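Undergrad: Dropping the sequence and predicted coords here.
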Amino acid sequence: MHRSIARLVLLLAIAAVSCGFFVVAHASCWPHERDALLAFKQGINDTDDVLASWQKRHHDCCQRWTGVTCSNETGHVTELDLGETGLVGQISPSLLSLQHLEYLDLSLTYLHGPSGHVFPEFLCSLHNLRHLDLSYTPFSGRVPPQLGNLSKMEYLDLTRTSLHGLNGRVFPEFLCSLHNLRHLDLSNTLFSGRVPPQLGNLSKLEYLDLSDTLLSGALPPQLGNISNLQYLGLSFMENIHTADISWLTHLHLLEYVDLSDINLSAVDVFLVANTIPTLKALILINCSLPNANQTLTHLNLTKLEQLDLSRNYLGHPIETCWFWNIKSIKDLALVSTYLYGPFPDALGGMTTLQRLEFNDNGNSATMTVDLKNLCDLESLRLDGGLALGNITEFVRKLPQCSSSKLFFLSSSDNNMTGTLPDMVGHLTSLKYLYLSNNSITGAIPSGLRKLTSLDTLHLSLNQLTGQIPMLPRSLTVLAISMNSLSGPLPLDFGGPNLTQLSLSSNYLTGHVPKAICESKRFGLLDLTNNLFEGEFPRCSAMSIEFLLLSNNNFSGNFPSWLKTSYFLIFLDLGVNKFYGMLPAWIGELVNLRFLQLNHNMFYGDIPVNITNLKLLQYFSLASNNISGSIPLSLSKLTAMTLDHPPRFESNWLEEEKNKDILSVVMKQQELKYGTSAFNEMVSIDLSLNRLTSEIPNEIGSLNGLLNLNLSWNLLSGKIPMKIGSMKSLESLDLSRNNLSGEIPSSLSDLTYLSSLDLSYNSLAGRIPTGRQLDTLYNENPFMYSGNSGLCGPPLEKSCPGNDAPEHGNQHQGSENGYDPVLFFYFGLTAGFLAGLWVVFCALLFKRSWRNAYFRLFD
C-alpha cells in the first residue's frame, strides 16, 4: 500500500517536473523583455518594415520576432541580430532589461545612442555579452573604459567607425584585459599610438585586425605569444616599422597574414613565411621588397592559396620567382612589380588558379603560356603588363574547358596585334572583356553574340574595321570608339540594360536606329565624330546624363524629348545641322552643367530663363544665327562664380580617360580638354552670331569665368566698367563688334588674363596701361586694330595733352566723358579768341578808336 502510494507520488513528481520543463521550453518570452524590445522599436525609423513582426499581439517574441533569439531553457532573450538592416534611429536604454543578452549585432545600421553618435555606455552594463558587433555604424568618440568590464566578451568588431581611445585617440589598453577574446577587429578606426605589447596576453585570440588605423611605432614581438592566432591584419597603418618578424614563426596556426605598407626591405619575409606551413594567405603590398627570386630549398607553403606582392619593385625576370611551383595558389597578384620577360610554363600547370593580376607593369613581359588547362581561372588582368602579343593566339590559349569559369578578361594597353577570333564566343561565362588601346585589326567577331552573359565590352582605340555586328543584349557598357568602323548600325542595335554607349571617332553612317531608345536610363551616350545623319530618334521615356552628338550631320529641331531629362548634365550637339529656336524649357534642366550647341543653325533669342541653370559652367552657342540681346540676370549663374557649387564627379570619366570631351575656342586657338580636366573649364562663347544691344553690366559678377568670347556679333555700347571684377578671366575676346567709348582702366586688374582681343570696334580714347596689358600687346600687337579712336601707348598715335595716363582702379575723367586738362586748354584758347575778336570789332566799327590806335603806334 505504502509502496503504491510512494510510486504514485514519484510519478506525479516526475510528471510535474517534465511539464514544468515543457512549459518553460515553449513559453512566451519574458514580459519585461518583450516590453524592452518594443521600447527599443519606438526609437527606430523603420521605413523598410524590418521590425514589422515586433507587435504586441505577437506575444511570443522568441518565436516570431525578426532578429530575436531566446534560450530554450530559460526563455530569456540571448541574441539580438539586427546587422545589415540599415535601421535608422536611437538605441534605447531599455535594452538594459535584456540582462541575459549574449549576442548583439547592430552592424551596417545608422543607429545612435541617447547622446548622439557617442558610444552608448549603457551597453557596457550587459555583463553577459559575448558577441558585440558595431561595425559600419556612425559611432564616434572614445570607447568607454567600462567596456573592459565585459569579461565574457569573445567577439568585438568596431570596424569602420570613428571610435578612438582615451587621451585623444590612443589605443584603449583596457581591451587587452578581455582575456576571453577570440575575435578583435579594430580596422578602419581612429585608434592611434603604439601597438600595445599587452595584446600578447590575449592567448585565446584567433582573429586580430588593426589595419587602416593610425597606430605607429615598432611592432611588438609579444604578438608572437598569441599562439592560437589564425588571422593577423596589420596593413596600411600610420607609420609602422619593424626590423624583425621572427616572432611570426611562433604562430603555428596562422592562416592569414597581411603586412602591407610596412617596410620589410631588411627582412627575409619569404624565409620566415616558409616556416609557417599552415599559411593560406600572404599579403605584402607596398612593402619595399627587393626581390622575389630567393631559393627556398624546401617549400613548406603547400596550403598557400593567396599571394599578393603588388607595388613592390622586384625588377627581375618573372620566371625566376620562387612561387611558381606552389600548386595550391588560387589568387596571385603581381600588380606594379615590374617583373619582365616571358611567363614560365609552370603557370600552365597551376590548375587551382582562379585569379591572376599582372597589370601596370610597364609593358615588359610576354604571355605565350598555354592556359587551356586552367579550368578554375575566373579573372585574368594583364593591362599594361605585356610588351606585345597576338590576340588570335592569346585567345586560343585561354581555358577551353567544357565549363569555363573565366568571367573577367582584361588585356588593354598591351600592343596586341592580330584579329579577335570568332572562337572568343566559346568563353561562355565571360561578363567583362577589356581590350582597349591595342592594335587589333579586322572586324568585330560575330561570335561575341554567343556571350549571353556579357556585361561590359571595351574595344576602343584599336584598328577595327567593317560594320558593327549584332552584340549581346545583356550589355550594359559598350565602348568601341576611336576605330575605323563604318556603315550603318543594325536596325535592332541596343539593349534594355545599356547604360553606357561610346561609338565616337569612327566612320559610322546612316540614321541612329529607334531601337537605341530601348534603354531607359543612359549614363553616357557618345556618338561624336561620325557621319550619322537625320533626326535623332525621339526617345521619350529615356533618362540620360551625358549626351554627346557633336561632329556629325544630325538635323532637326532641338530634341524635344530632352524636356523630361532632368538628370542631364552634359549636352553636346555641336557641329551638326540642328536648326530652329532654342526652347524656353531649357531653363528647367536644372542639373545641366555643360551646354555645347556651337556650329549649328539655331536662330532667335537666347531663352531668358537659361540663367536659371545655377550649375551651368560651360555654355557655347558659337557660330549660329542667334539674335537679340544677352540675358541680363547673369549673376544667377553661380557655377561661373568663385562661390560655385562643388564640381561634379562621374564614374565613367576614368573609362573615357583617353578621349577629348570638350573643345574650347580660347586664347586665339581651339583647345581640347580631356576627361581629367574638362570639368574645371568655365566658359561662355557666343561668338559668330547676330547679338545686339549692350553687354550686360552683370557679366562682371561671373568672377569664376575663365573664357569669355563675344566676338563677331553686333554688340554696341560700352565695355562694362566692372569687367575688372572678373578676376579668373584668362581669355577675353570682344573683337568684331560695334562697341564704343573708352577701354575701362579696370581691365588692367585682370592678372590672369593671357589673351585679349578688342580689335575692330569703335573704341576711342587713351588705352589703359599696366604690366599685364603691355605684355599682352607684345604677344598680340593687333589686339587694338580697327579702333581709329584709340590713342596713347602702346600705339604710335598720341593723345591730346601731356598728362600721364592712369591705370588700375583709378578712374580717369575721360571714362565719364570729361577730361579736366583738355577742358582747361579749350577754355583758355576760346577766351583768347573771344577777347581778340572784341578788340578787332571795336577798331573796325569805331573810327575815333581806330585813329587813336594808329596814332599811338606812330
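TA: Great, that's in hand. Only a predicted model underlies this, so the values are computations on that prediction, with no experimental measurement involved. Numbers count the residues shown, from 1 in each chain.

Undergrad: residue boundaries of the helices in the stretch 51-200 of the chain?
TA: Taking DSSP state H, counting those that start in this stretch, the helices of the stretch 51-200 of the chain run over residues 61-64.

Undergrad: what's the answer for the chain, then?
TA: Counting by DSSP state H, the chain has helices at residues 2-25, 31-42, 61-64, 269-273, 391-396, 771-779, 820-845, 847-857.

Undergrad: Tell me which residues touch Arg160, please.
TA: Residues in contact with Arg160 (CB atoms under 8 Å, 6 or more residues apart in numbering) are 135-137, 187-189. In short, each C-beta sits where N, CA and C put it, glycine included.

Undergrad: 6 Å - rerun?
TA: Shown in contact with Arg160 (CB atoms under 6 Å, 6 or more residues apart in numbering): 135-136, 188.

Undergrad: Ser402 - how many residues pack around it?
TA: Ser402 has 6 neighbours, counted by other CB atoms under 10 Å.

Undergrad: For it, give me phi and psi.
TA: Dihedral angles of Ser402 (phi, psi; degrees, to the nearest 10) stand at phi -60, psi -30.

Undergrad: any idea how far His426 is from it?
TA: Distance from Ser402 to His426, counting by CB to CB, to the nearest Å: 10 Å.

Undergrad: that older thread, name the member of the contacts of Arg160 with the most neighbours.
TA: Neighbour counts for these (other CB under 10 Å) peak at Ser135, which has 23 neighbours.

Undergrad: give the contact list for the residue nearest to it when sequence neighbours are not counted.
TA: Sequence neighbours aside, Thr159 is the residue nearest to Ser135 in space, at 3.8 Å (criterion: CB to CB, 6 or more residues apart in numbering). By CB under 6 Å, 6+ apart, the contact set of Thr159 is 135, 185, 187-188.

Undergrad: Let's see that with 10 Å instead.
TA: By CB atoms under 10 Å, 6 or more residues apart in numbering, Thr159 lies in contact with 107, 133-137, 185-189, 209, 211-212.

Undergrad: Equivalent analysis for Arg194, please.
TA: Residues near Arg194 by CB under 10 Å, 6+ apart: 170-171, 173, 215-220, 240.

Undergrad: For it, name its beta-bridge partners.
TA: Judged by DSSP bridges, the bridge partners of Arg194 are Ser216.

Undergrad: what's the distance between it and Ser265?
TA: For Arg194, the distance to Ser265 - CB to CB - is 22 Å.

Undergrad: Could you do Ser565 as well?
TA: To Ser265, Ser565 is 55 Å away according to CB to CB.

Undergrad: The two: which is more packed in?
TA: Ser565 (20 against 10).

Undergrad: In terms of pLDDT, where does the more buried one sit?
TA: In this model, Ser565 is scored at 91, pLDDT.

Undergrad: what's the nearest residue to it if we skip its chain neighbours?
TA: For Ser565, ignoring the flanking residues on the chain, the nearest one in space by CB to CB, 6+ apart is Ile544 at 5.3 Å.

Undergrad: Bridged to the one you found, which residues?
TA: With DSSP bridges as the criterion, Ile544 is bridged to Phe522.

Undergrad: My guess is it contacts Ile569. True?
TA: Yes - Ile544 is within contact range of Ile569, at 9.0 Å (criterion: CB atoms under 10 Å).

Undergrad: joint contacts of those two?
TA: Listed as contacting both Ile544 and Ile569 by CB under 10 Å, 6+ apart are 523-524.

Undergrad: Go through the helices of the chain and find the least confident stretch.
TA: Minimum mean pLDDT among the helices of the chain: helix 2-25, a mean of 43.

Undergrad: my guess is Ile440 meets Thr392, correct?
TA: Yes - between Ile440 and Thr392 there is a contact under CB under 10 Å: 9.3 Å.

Undergrad: list residues touching both of these two?
TA: Contact with both Ile440 and Thr392 is made by residues 416-420, according to CB under 10 Å, 6+ apart.

Undergrad: of all those, which comes closest to Lys41?
TA: When the shared contacts of Ile440 and Thr392 are ranked by distance to Lys41 (CB to CB), Leu420 comes first, at 58.2 Å.

Undergrad: what ranges do the strands span in the stretch 101-250 of the chain?
TA: For the stretch 101-250 of the chain, applying DSSP state E, counting those that start in this stretch gives strands covering 103-105, 110-112, 131-133, 140-142, 155-157, 162-164, 183-185, 192-194, 207-209, 214-218, 231-233, 239-241.

Undergrad: Rebuild those as TSV, extending it with distance to Asn625.
TA: Output for the strands of the stretch 101-250 of the chain, formatted as TSV (distance: least, CB to CB, whole Å):
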stretch	distance to Asn625
strand 103-105	67
strand 110-112	55
strand 131-133	66
strand 140-142	59
strand 155-157	66
strand 162-164	58
strand 183-185	66
strand 192-194	65
strand 207-209	66
strand 214-218	62
strand 231-233	66
strand 239-241	64
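
Undergrad: In contact with Leu132, which residues?
TA: By CB under 10 Å, 6+ apart, Leu132 lies in contact with 101-107, 123-124, 126, 147, 150, 153-158.

Undergrad: the strands in the stretch 351-500 of the chain, which residues?
TA: Under DSSP E, counting those that start in this stretch, the stretch 351-500 of the chain gives strands at 355-357, 365-366, 379-381, 389-390, 408-410, 416-417, 432-434, 441-442, 456-458, 463-466, 477-479, 484-487, 500-502.

Undergrad: List the pairing partners of the fifth one within its sheet, with orientation.
TA: Each strand that pairs with strand 408-410, with its direction, by DSSP bridges: strand 379-381 (parallel), strand 432-434 (parallel).

Undergrad: Let me have these in a markdown table, extended by mean pLDDT, distance to Leu637 and mean neighbour count.
TA: Formatted as a markdown table, the strands paired with strand 408-410 follow (pLDDT from 0 to 100; distance: least, CB to CB, whole Å; neighbours: other CB atoms under 10 Å):
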| stretch | mean pLDDT | distance to Leu637 | mean neighbour count |
| --- | --- | --- | --- |
| strand 379-381 | 97 | 44 | 20 |
| strand 432-434 | 97 | 39 | 20 |
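
Undergrad: okay, those in a markdown table with distance to Thr641 next?
TA: Putting the strands paired with strand 408-410 into a markdown table (distance: least, CB to CB, whole Å) gives the following:
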| stretch | distance to Thr641 |
| --- | --- |
| strand 379-381 | 44 |
| strand 432-434 | 40 |
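
Undergrad: Sort out which residues of stretch 610-629 are buried, please.
TA: Judged by neighbour count (16 or more other CB atoms under 10 Å), stretch 610-629 contains these buried residues: 610-624, 626.

Undergrad: Inside strands: which ones of these?
TA: Among those, the members found in strands (DSSP state E) are 618-620, 626.
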